[in-house]
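Novice: Structure for the following, please:
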Amino acid sequence: MNLKVVSRNVGIALLLNALFMYISAAVSVIYDFDASLSPLVLSAVITTVAGSFPLIFVTKFHDINIKEGFTIVVFAWILSCLFGMLPYVLYGGEFTIVNSWFESVSGYTTTGATTLTDIEAIPKGLLFWRSSTHWLGGLGVVLFMLLVLPSVSSFRMRLSKMEISNLSKDNFRFKAHQTIRVITSVYLGLTIAETILLTLAGMDLFDAINHSFATVATGGFSTKNLSIMSFDSIWIEIIIIIFMLLSGIHFGLLFSAFSGKSFNIFRSSIVRYYLLSILAGSVIVILNIKTSGTYATWHQAIREGVFQVVSVGTTTGFANGDSSVWPGFSVLIMIFFTIQCACSGSTSGGMKADRVYIFYLSVKNQIIKQIHPNAVVSVKMGSHIVDREIVHSTNLFIVLYLLIVFISALLLTGLGTPLLESFSASAACMGNVGPGFGELGSLGNYSSISNTAKLLLSVQMLLGRLEIYSLLLIFVLYRWR
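Specialist: Take a look at the predicted model:
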């Protein structure tokens with residue numbers, strides 16, 4: 001493995017992070033040179049030096065092998081998180097070393113879990129940097145890097161395939177450079193459109209940009225202690241619901257719809273399942289929280305029920321109410337969406353609706369096989385037959401995913417975290433959702449759990465964002481031939 005090509009391209013990823021640190025410092029200047037200016041400038045300089053060093057002393061390489069590709073992807077993420085925590089550490093306050101690492105990983109992986117007890121006390125520049133980590137992580141540090149690399153087909157092809165979920169590769173049906181253009185154009189378009197609409201709905205420009213970054217990245221970092229509930233605006237909530245749902249759909253399908261190539265995204269069986277499951281979950285939760293007496297009016301039950309289900313079901317994690325007071329039945333429904341989440345090819349985390357749907361079809365086919373042993377039955381999504389290898393790898397991924405969630409919950413319980421908090425935190429961090437239940441609920445935070453628990457959950461966030469295998473493979477690269 002050529003470590004020079006790895007260091008050079010990881011350096012480019014760091015320079016992209018440094019660029020957003022400088023932008024955040026500019027925001028700090030705009031808001032009367034707030035207290036985050038020095039930490040942001042110093043962090044930007046350190047990150048710039050670290051990123052520039054391999055570019056200066058290492059010559060360009062025009063090809064990579066699969067070992068180098070995996071290494072670039074994993075280390076671009078890990079080092080981005082490490083350098084991304086610098087502004088928090090240098091600022092101080094609630095940001096201890098562990099809290100800074102947790103907040104940085106949560107930002108880049110678009111998890112949205114936070115240790116902050118008073119978000120509104122944080123300077124504007126640092127809040128913008130916090131949201132920027134979402135926006136960088138939502139599109140993917142590596143895909144950002146590919147935007148500025150030379151158009152070398154094999155290099156772009158390999159890195160983009162390693163960054164994008166296995167399930168979504170076939171669905172894009174574009175060449176590598178086209179895939180990057182599709183993702184980026186949809187991502188930018190959604191961000192700009194939501195910013196404009198939120199501003200028109202009454203948000204100031206700073207809050208609109210930050211919440212658009214968090215929505216389109218399906219992250220959930222807010223600039224307010226009470227999240228979206230702070231604005232108390234039905235129009236803001238409707239806009240955010242729409243963009244959360246859009247951001248959970250495969251970007252290739254959105255591009256086809258917006259570009260006029262295909263207006264009917266509902267032809268996709270995955271999209272139909274994703275939207276219908278969100279609708280069904282919303283109706284069930286609304287009925288449960290109203291009939292249980294949690295809310296006095298149907299208006300409040302519908303408003304909070306729909307928003308919270310969409311927020312969790314897309315791994316965004318925004319809140320317009322306190323879900324910790326919900327009855328156990330609704331909590332279990334929400335935990336299901338915490339595990340399933342939205343579609344592959346989107347910024348959503350979690351197991352993905354695609355895998356759940358394929359699992360359902362494979363179980364259905366197995367039942368048919370039991371009734372008709374000699375029948376040849378294939379898993380079909382629409383008119384397309386799903387390859388047996390994809391079905392097998394999907395079912396294996398689901399088992400591994402749930403096993404990691406269970407083991408992590410077990411470890412958290414052993415560290416003294418209550419049972420509900422342990423399981424919901426494990427599922428929420430693995431799925432990059434953010435809020436759990438109990439003390440870690442939609443209006444709570446992760447400040448109460450131990451430092452060891454925070455480090456464990458940070459690893460889960462990375463495992464979830466890199467879809468497990470990419471992070472695990474880095475530990476066996478030296479054995480490859």
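
Novice: quick one: least confident helix or strand in the chain?
Specialist: helix 153-163 (a mean of 46; mean pLDDT, DSSP states H and E).

Novice: what about the strands in the stretch 251-400 of the chain?
Specialist: For the stretch 251-400 of the chain, the strands defined by DSSP state E, counting those that start in this stretch cover 380-381, 384-385.

Novice: Serialize those strands to JSON lines and add fields for distance to residue 99 and mean neighbour count.
Specialist: In short, each C-beta sits where N, CA and C put it, glycine included. Shown next, in JSON lines, are the strands of the stretch 251-400 of the chain (distance: least, Cβ to Cβ, whole Å; neighbours: other Cβ atoms under 10 Å):
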{"stretch": "strand 380-381", "distance to residue 99": "43", "mean neighbour count": "14"}
{"stretch": "strand 384-385", "distance to residue 99": "46", "mean neighbour count": "11"}
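
Novice: Columns mean pLDDT on top of those, output as JSON lines?
Specialist: Listed next are those as JSON lines, based on pLDDT from 0 to 100:
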{"stretch": "strand 380-381", "mean pLDDT": "73"}
{"stretch": "strand 384-385", "mean pLDDT": "76"}
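
Novice: Point out the one among the ones you listed that comes closest to residue 182.
Specialist: Closest to residue 182 of the strands of the stretch 251-400 of the chain, according to Cβ to Cβ: strand 384-385, at 19.8 Å.

Novice: want to try CSV for the strands of the stretch 251-400 of the chain, with distance to residue 374 as columns?
Specialist: CSV is the format used below for the strands of the stretch 251-400 of the chain (distance: least, Cβ to Cβ, whole Å):
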stretch, distance to residue 374
strand 380-381, 19
strand 384-385, 19
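
Novice: shaky segments in the stretch 201-350 of the chain?
Specialist: 260-264 (pLDDT under 70).

Novice: Please repeat the previous calculation with a cut-off of 80.
Specialist: Scanning the stretch 201-350 of the chain for pLDDT under 80 picks out 257-267.

Novice: Which pLDDT value belongs to the most centrally placed residue in the chain?
Specialist: For the chain, the residue nearest the mean C-alpha position is residue 110 (3.6 Å; Cα atoms, centre = their mean). Residue 110 carries a pLDDT value of 92.

Novice: Over to the one 10 residues further on?
Specialist: For residue 120, the model assigns a pLDDT of 93.

Novice: Hmm, it is touching residue 224, no?
Specialist: Yes: under the criterion of Cβ atoms under 8 Å, residue 120 makes contact with residue 224 at 6.3 Å.

Novice: okay, those two: which has more neighbours?
Specialist: residue 224 (15 against 12; other Cβ atoms under 10 Å).

Novice: residue ranges for the helices of the stretch 201-350 of the chain, please.
Specialist: Ranges of helices in the stretch 201-350 of the chain, per DSSP state H, counting those that start in this stretch, are 205-216, 234-247, 251-258, 269-291, 298-313, 328-340.

Novice: Show me what counts as buried in the fourth one.
Specialist: Buried positions in helix 269-291, judged by neighbour count with 16 or more other Cβ atoms under 10 Å: 269-271, 273-275, 277-278, 281-282, 285-286, 288-290.

Novice: If you count contacts, what does that helix end up packed against?
Specialist: helix 298-313, helix 328-340, helix 353-371 (3 or more Cβ pairs under 8 Å, 6 or more residues apart in numbering; DSSP states H and E).

Novice: Mean neighbour count, those: which tops it?
Specialist: Among these, ranked by average contacts under mean count of other Cβ atoms under 10 Å, first place goes to helix 298-313 (a mean of 22).
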